[in-house]
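[1] pasting a predicted model and its sequence here:
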Amino acid sequence: MKRHNPMNIKRLMLICALLLCIPFMASTRAGAVPTATPSDASGWFVDLNRFSESAHRNFTCEVCHGDMRVQGQPHPDTRDTARLKREATRIYDYRRCGTCHRESYERYLRGSHAKALIEEKKATASKVLVADKLKAPTCGECHSAHYSRSHLSRAATGQEMTAACGACHPAQKATYLENYHGKVAVHLRDEASAYCTDCHGAHDCVSLKDRKAALAACQRCHPDAGERFAQFVIHPTTEGLAQDNKEKQKHVAIIKLVTVIMTIIVILVVGFFYGHSFLWLLRELHERLRKH
């Protein structure tokens, strides 16, 4: 009787195990998203070792904080225990940032974040606040005056930017990372791809709900883009979407439906072929063992 080489049986068993593991390995890899943490929020306490590596390392405290007196009171005022409990980013006078960053500060004042800050101050004054509404970003929410570094590469800046924007817009960050732009820019660190500010502006922060504004943003990288090009839904999510924006709600619903259908088809097709291959290998293994 012909004896079967046990090494061939081991190879077959190894192939079966690999076929079963590949889908799990692929799903794990697909979920592995490069993480980037936003710049540390500005606060009352400063790590001078980290500050010595920041873009403002050559500045003295007085350059940004003046004579360190608030309403005639010296800082720190040990009698004002309530002040240190307030968020530093909400009470700092960011007009001082405009001294060195005039163009950026002027763009911020024209942008949607500054408008949201004005509305927030009005709501605070009238004591009409929405509990779950996000605070309007100031300079200190997106940049750390004490720790942000300068001369970073475009890819490194983009990583930090994606995390900073995603802190307030998590759904938009998630859909961006699922999009071609995010995959190439964040995952592959391709500096030619588009980051958040390439479409929305670094300080203007345009929402791009307007078709003309969206088309203008697309044409920065795609000069031949037409009106239909700008209809592509970059962020297929309804989070933060106005109730009267029925058109995008419809598009997002269609995208989600198509995604579910295609996912089911892929699972069925892959399941069929993996099942067929697995059964074929079992049959081959059975035949070899029977002969053995």
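    All right, it came through fine.

[2] wouldn't Ser148 be in contact with Arg57 here?
    No - judged on Cβ atoms under 8 Å, Ser148 makes no contact with Arg57 at a distance of 10.8 Å. C-betas here are computed from N, CA, C, even on glycine.

[3] looking at the two, which one has more neighbours?
    Under the criterion of other Cβ atoms under 10 Å, the comparison of Ser148 against Arg57 puts Ser148 first, with 16 against 13.

[4] make sure I have this right: the more buried one is in a helix.
    No - using DSSP: H, G, I helix; E, B strand; the rest coil, the assignment for Ser148 is coil, not a helix.

[5] can we start the residue count at 322 from this point?
    Sure, I'll start numbering at 322, so the last one becomes Ser469.

[6] which residues of the stretch 422-571 of the chain score low on pLDDT?
    448-454, 561-565 (pLDDT under 70).

[7] quick one: the strands in it?
    Counting by DSSP state E, counting those that start in this stretch, one finds no strands in the stretch 422-571 of the chain.

[8] could you pull out the helices for it?
    Here the stretch 422-571 of the chain has its helices, by DSSP state H, counting those that start in this stretch, at 423-431, 433-446, 460-463, 475-489, 491-499, 501-503, 517-521, 532-539, 567-612.

[9] Ala409: which of these is closest?
    Closest of the helices of the stretch 422-571 of the chain to Ala409 is helix 460-463, at 7.0 Å (criterion: Cβ to Cβ).

[10] and that closest one, what does it pack against?
    Under the contact criterion of 3 or more Cβ pairs under 8 Å, 6 or more residues apart in numbering; DSSP states H and E, helix 460-463 touches helix 409-412.

[11] distance from the helix it packs on to the middle of the chain?
    On the basis of Cα atoms, centre = their mean, to the nearest Å, helix 409-412 sits 24 Å off its chain's mean C-alpha point.

[12] what values do phi and psi take at the residue nearest to Ala476 when sequence neighbours are not counted?
    Leaving aside its sequence neighbours, Ala476 sits nearest to Arg510 (Cβ to Cβ, 6 or more residues apart in numbering; 4.2 Å). The phi and psi torsions at Arg510 (degrees, to the nearest 10) take the values phi 60, psi 40.

[13] give the contact list for the nearest residue to Ser433 once chain neighbours are set aside.
    Nearest non-adjacent residue to Ser433, counting by Cβ to Cβ, 6+ apart: Cys526, 4.9 Å away. Neighbouring residues of Cys526 by Cβ atoms under 8 Å, 6 or more residues apart in numbering: 432-434.

[14] now Ala515
    Ala515 neighbours (Cβ under 8 Å, 6+ apart): 502, 506, 542.

[15] and the nearest residue to the second one once chain neighbours are set aside, how many neighbours?
    In other words, Ala506. Excluding the flanking residues, the one nearest Ala506 by Cβ to Cβ, 6+ apart is Ser514, at 3.7 Å. As a burial measure, Ser514 scores 20 neighbours (other Cβ under 10 Å).

[16] also the one 10 residues further on?
    His524 sits with 20 neighbouring residues when counted by other Cβ under 10 Å.

[17] rewinding a little: tell me the buried residues within the contacts of Ala515.
    Buried members of the contacts of Ala515, counted by 16 or more other Cβ atoms under 10 Å: 502, 506.

[18] now flag whichever of the contacts of Ala515 is closest to Leu589.
    Looking across the contacts of Ala515 and measuring by Cβ to Cβ, the closest to Leu589 is His502, at 30.2 Å.

[19] not counting sequence-adjacent ones, nearest residue to that closest one?
    Ala515 (4.5 Å).
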